[in-house]
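Participant: what would the 3D arrangement of this be:
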Amino acid sequence: DWMASQIITSGWAEKIDQANVPNAVANLEDTLKSYPWDPNQDYHYPWQSGMTGIGYNAKTLADNDIAEPTKLADLWAMPADKLTFLTEARDTFGLGLAKLGIDPNPETVTDADLEAVAADMQPLVDKGLRFTGNEYLQDFAQKKVWAAFVWSGDLASSGGEDDRFVFPEEGALIWTDNMLIPKGAANKYTAELMINYVYDPKVAAQIANYVYYVSPVKGAAEEIKALDPEAATNPLLFPDAETAATFHSFQALSEEQEAVMNDLFATLSGT
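Facilitator: Okay, the predicted model is just below:
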């Protein structure tokens, strides 16, 4: 969302001809409409959404007499050299805010809040906490990592049988990857046909069943039943209202706030 908003506000995206994307117009989930940076879907349509929460290896924790985590604070009680947080600063700081009981709402978060997150994580870094992308999948498999900040679809689609994703009690982060057409694209119409194609509920169900992220398409949950009945009730693909009510969005930061966060993260991560 944050990158899509920057591309759109910078004038780097082609305006979508809505007549060429009737499936998207009809089937976009209501919760993904009316974003302030593109309220009428003139320039973007969501591809898939996902959550950032806690991942862990159940067997490894059991072998080391460590209880399975239910809240973010539980990770702070584990050996820091067996933890990884994410190289995406928004995810790491968003969950860090939630762990401290601070609402990760960019409109209310202060520089002091971000500094508090960095101070809270620094002792873990000093004891061996690492920051990674989804290399945590290999780290889980090799037992190098026991628990981590992770993206929801990764462990579900590619993790081992003992790898688990949990929505932390403090709430998970929600984010969306989006489809945009670059300004000056030679094949704008074909791109619109692609957007329309993936908003067919039958196609969207196949995509969701493969990538294990949250589909933005109305009707995908019904269509997925024919492919995998269990997937239709999987909260990683179709979170219920109670779970969704706990989600936080830490995406649309101001330039000033982003600069503060990035500087703090660079100090933490040594990059």
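
Participant: for stretch 86-103, the distance to its chain's centre please.
Facilitator: 12 Å (C-alpha atoms, centre = their mean, to the nearest Å).

Participant: would you mark the buried spots in that stretch?
Facilitator: For stretch 86-103, the neighbour count (16 or more other C-beta atoms under 10 Å) marks 86-100, 102 as buried. In short, each C-beta sits where N, CA and C put it, glycine included.

Participant: in strands only, show me those.
Facilitator: Secondary-structure check on the buried residues of stretch 86-103 using DSSP state E: residues within strands are Leu86.

Participant: widest-spaced pair of the buried residues of stretch 86-103?
Facilitator: Thr87 and Ile102 (21.6 Å; C-beta to C-beta).

Participant: follow-up on the earlier one: quickly name whichever of the buried residues of stretch 86-103 is closest to Thr243.
Facilitator: Within the set of the buried residues of stretch 86-103, Ala98 lies nearest Thr243; the separation is 14.6 Å, counting by C-beta to C-beta.

Participant: and the nearest residue to the closest one once chain neighbours are set aside, how many neighbours?
Facilitator: The spatially closest residue to Ala98, leaving aside those adjacent along the chain, is Glu170, at 4.1 Å (C-beta to C-beta, 6 or more residues apart in numbering). Burial of Glu170, expressed as a neighbour count using other C-beta atoms under 10 Å, amounts to 21.

Participant: didn't Glu170 look like it was pressed against Leu97?
Facilitator: No - here Glu170 does not reach Leu97: they are 9.1 Å apart, not a contact under C-beta atoms under 8 Å.

Participant: thinking again about what came up before, among the buried residues of stretch 86-103, which ones are in helices?
Facilitator: Secondary structure of the buried residues of stretch 86-103 is defined by DSSP state H; positions in helices are Ala89, Arg90, Asp91, Thr92, Phe93, Gly94, Leu95, Gly96, Leu97, Ala98, Lys99.
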